[in-house]
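>>> make a model of this:
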Amino acid sequence: MYRDGARKSIWQEEIKRFSSKAGLHQMFDAAIVGGGITGISTALQLQQSGKKCILLEAANIGFGTTGGTTAHLNDFFDTTFTEAINDFGKDNAQLLAEVGQEAIGIIETNIKNYNIDCNFERKKAYLFALDEKQEKQLEDIVDGASKVGHEMMYVDEIPFPIPFKKAVSIPDQAQFHPVKYIKALCEAFINTGGIILEDCLAEKHDEQDDVIILKTSKGEIKAQHLIYATHILPGLSILHTTNAPYRSYAMAFSLKDENYPKDLGYDLIDPYHYYRVQEINGETLLIAGGEDHKTGHEEDTGKCFSRLENYVRKYFDVETAYYSWSSQYYEPTDGFPYIGKLPDSKGKVYTATGFRGNGMIFGTISSRIISDLIINENSKYENIFNPSQIKPIAGFTSFVEENAVVAFDFIKDKLFKEKITSLHEINEGEAKVVKYEGDSYALYKEATGKVHLVKSTCPHAKCEVRWNSAELSWDCPCHGSRFNINGKILTGPSVMALQRVDPEDS
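The predicted model follows:
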């Protein structure tokens, strides 16, 4: 199993390719684009309901965020219940409070129905404040939770060797192995007649009155409904202005004293750190995450891993760091995810994005929401997560800020490229976006001296890519498209690679 970066995640031991042989020249009830937990859960739900479905994945199953998650399953979110009450009202905050347990329930049901061995465990979670400012934050979080009936209990001790000011425990949370889980869902989907096509890039769609024609790298596909489970869809949409790409970092450690905390943990630093334990190949490892930042806005992404490791070593008796990886997610401007009918569509195209750091939960609940919208034409969550109903009061400030950042990035990167007169000016092991003989290039020179040269302008919206040293990728700071050193697409919304250039011709 491959991922969208150079580093291997803790989940990648589970390798399996899926390939269905079926003619594309047939009408499908639904075409689902994206082979992560959102797409696979939705495809299975629809197939179980009697719909004929095809699932398309540009690379391999679990290639994106699902293969890079830390796989916490919780019913409290990055958007707190207090924020939800203030921005959306108590009734909608109450609905948000139901999402987590319903999603975990869907996962548990799938595990039971398909006899899935994916290391699912119910856990307590601990949320803890490390200073006075965080202490006030925690009190505010607990107050909001109490107003929607969500249990959080103050405690005097936590199972983490980290000094704290105040903490709460939260019952009935969970964790699992995400790739084992989605592999089993894929098998169940195929066994019920579903079709999976890997290495199939969805490029664009044409929504007509009676059919949707989806253009892919393997030919045209016709369907009655189209679901984009890709975070951000191809083309240009209002969703590209209401979602900002972010990267998060994770590492897995063995501990000398084997004092592994058995529960889930979260501090309130901004960005926060989070912890859990996983057994891999018979060895117990501590997974720690954090150091989030906007995609393309960290000059040296390798330092994010260094900071995370140093922080963990400060409190835990670390023996060995076995895995280190990063992953991408999208921040919505108003705090709630966007799940439902695509804005400006005719009502047959659906999207699911803006999950913040809660992708396993919102990806799972998306399968219920979108299936209900297609089969029953309604969902109890359709209004609060409706992608067309951008909440101006909740999201206006961040909407303006994020789009100002995109505009600034666009202009700054166009104007301030470093000019060089020879490719020999780039040192071995170095990567730069440069101006050379009037053109703009993204240049990476390996330690061996081999040069990888591509045009630096992202084909999606013409922003300039930036180097991600930790994952050896070129990342677009505007909308999150990512490319490998030879320009191949790692992450959309771009459906075109960076143009590769032969250094001998330059």
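>>> look up how far Asp300 lies from Leu453.
Distance of Leu453 to Asp300, given as Cβ to Cβ, to the nearest Å: 22 Å. Any C-beta I mention is one placed from the backbone N, CA and C, and that applies to glycine too.
>>> any idea which helix or strand carries the residue nearest in space to the middle of the chain?
Closest to where the C-alpha atoms of the chain average out (Cα atoms, centre = their mean) is Tyr329, at 3.4 Å. According to DSSP states H and E, Tyr329 maps onto strand 318-332.
>>> quick one: average pLDDT of that strand?
Averaging pLDDT along strand 318-332 yields 97.
>>> just to revisit the earlier point, among Leu453 and Asp300, which residue is more densely surrounded?
In terms of neighbours (other Cβ atoms under 10 Å), Leu453 is the more surrounded of Leu453 and Asp300; the figures are 26 against 11.
>>> and that one, how far from Arg7?
Taken as Cβ to Cβ, the span from Leu453 to Arg7 is 23 Å.
>>> same check, this time on Gly235
The gap separating Gly235 from Arg7 is 30 Å, by Cβ to Cβ.
>>> ok, these two, which is more surrounded?
Comparing Gly235 with Arg7 by other Cβ under 10 Å, the one with more neighbours is Arg7, at 19 against 14.
>>> which one is that one nearest to, not counting chain neighbours?
Residue nearest to Arg7 in three dimensions, not counting chain neighbours: Trp325, with 4.4 Å by Cβ to Cβ, 6 or more residues apart in numbering.
>>> on contacts alone, who are the packing partners of the helix or strand encompassing Gln101?
Element membership of Gln101, judged by DSSP H and E, is helix 90-113. Under the contact definition 3 or more Cβ pairs under 8 Å, 6 or more residues apart in numbering; DSSP states H and E, helix 90-113 sits against helix 37-48, strand 72-73, helix 81-88, helix 132-147, strand 166-175, helix 178-191, helix 359-375.
>>> at 7 Å what do you get?
Contacts defined by 3 or more Cβ pairs under 7 Å, 6 or more residues apart in numbering; DSSP states H and E place helix 90-113 against helix 81-88, helix 359-375.
>>> contacts for stretch 59-70, please.
Stretch 59-70 has contacts (Cβ atoms under 7 Å, 6 or more residues apart in numbering) with 1-4, 9, 11-12, 17-18, 35-37, 57, 178-179, 182, 186, 198-199, 250, 274, 276, 287, 289, 325-329, 359-360, 491.
>>> using PDB, write out every CA atom in that stretch.
Output in PDB follows, covering the C-alpha atoms of stretch 59-70 (Å, rounded to 0.1, in the frame of the first residue of the first chain):
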ATOM      1  CA  ALA A  59      -3.900   5.600  -6.600                       C
ATOM      2  CA  ASN A  60      -4.700   2.800  -4.100                       C
ATOM      3  CA  ILE A  61      -7.100   2.300  -1.300                       C
ATOM      4  CA  GLY A  62      -6.000   4.200   1.800                       C
ATOM      5  CA  PHE A  63      -3.500   6.300  -0.200                       C
ATOM      6  CA  GLY A  64      -4.600   9.600   1.300                       C
ATOM      7  CA  THR A  65      -5.600  10.800   4.800                       C
ATOM      8  CA  THR A  66      -7.100   7.500   5.900                       C
ATOM      9  CA  GLY A  67      -3.700   5.900   5.500                       C
ATOM     10  CA  GLY A  68      -2.100   8.700   7.500                       C
ATOM     11  CA  THR A  69      -4.600   9.300  10.300                       C
ATOM     12  CA  THR A  70      -3.900   8.500  14.000                       C
END
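>>> heads up, I number from 4, so please use that
Let's use 4 as the start, then, which means that last one is stretch 62-73.
>>> now do that stretch: distance to the chain's middle.
8 Å (Cα atoms, centre = their mean, to the nearest Å).
>>> for that stretch, the averaged confidence score.
Computed over stretch 62-73, the average pLDDT equals 96.
>>> quick check: buried residues in it?
62-73 (16 or more other Cβ atoms under 10 Å).
>>> shaky segments in this protein?
Under the criterion pLDDT under 70, the flagged ranges of the chain are 18, 393-427, 507-509.
>>> 50 instead, please
398-399, 413, 418, 423-424 (pLDDT under 50).
>>> report all helices and strands that the host helix or strand of Val280 contacts.
Under the criterion of DSSP H and E, Val280 resides in strand 277-283. Here strand 277-283 touches strand 267-270, strand 286-297, going by 3+ Cβ pairs under 7 Å, 6+ apart.
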